[in-house]
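In: sequence and predicted structure are below.
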Amino acid sequence: MTQQRMDLAALTPRVYREMKRLEEAVATELSEAGVEKEVYELVKIRASQLNGCGFCLDMHLEDARKSGVDEQRLDVLAAWREMELYSERERAALALSEEVTLIHGDGVSDETWRRAGEVFSETELAGLVWAATTINTWNRLAITSRAQPPRRDSRPPE
């Protein structure tokens, strides 16, 4: 069983508080720019899937369900390219998020950027870059510290 290494929020409360403020600012920017909440949730979930961040997956899948994202869309998100369940805006945001997350490859391709620019305004695109960057930071913090999500049932860990 994996145990949490450290509690970054407790050990570095100012930095953690500022990171939370950044996340809130990104959410506000996206909302004010007109990016749908579902798009934002899908971006966070997909990046967390690619990074293997259980803490963030637990949190953002729960958030997505609470905000009304269809369960089937969440179930098959890892195979979004094969499914007809996602809008063009969602597809463009997911492709962009994947390439930002996997930046060590070839970076963000001109084709992905062009496609995203066809369905998002420049302000929306800027917000999506911030969204992908922020969730990747959270993933790295959670994975490094081995953050554990709160249990939702009363079963003890095995």
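Out: Now that the structure is in, tell me what you want to look at.

In: per-residue pLDDT, residue 136?
Out: Looking at residue 136, its pLDDT is 98.

In: which other helices and strands contact the host helix or strand of it?
Out: For residue 136, the host element (DSSP states H and E) is helix 122-145. Where contact means 3 or more Cβ pairs under 8 Å, 6 or more residues apart in numbering; DSSP states H and E, helix 122-145 is packed against helix 13-33, helix 37-51, helix 54-66, helix 88-101, helix 110-119. Placement of C-beta: from N, CA and C, glycine included.

In: show me how far stretch 20-33 is from its chain's centre.
Out: Relative to the centre of its chain, stretch 20-33 is centred 13 Å away, using Cα atoms, centre = their mean, to the nearest Å.

In: contacting residues around that stretch?
Out: For stretch 20-33, contacts defined as Cβ atoms under 8 Å, 6 or more residues apart in numbering pick out 37, 39-40, 121, 123-124, 126-128, 130-131, 134, 138.

In: try stretch 140-148
Out: Here stretch 140-148 has contacts from 2-8, 19, 51-56, using Cβ under 8 Å, 6+ apart.

In: just the buried residues out of those residues, in PyMOL syntax.
Out: The PyMOL selection below is limited to those of those classed as buried (16 or more other Cβ atoms under 10 Å):
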select buried, resi 8+19+51+53+54+55+56
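
In: pLDDT (mean, whole number) over stretch 147-158?
Out: Here the average pLDDT along stretch 147-158 is 73.

In: list the contacts for residue 8?
Out: Contacts of residue 8 by Cβ under 8 Å, 6+ apart are 15, 16, 141, 145, 147.
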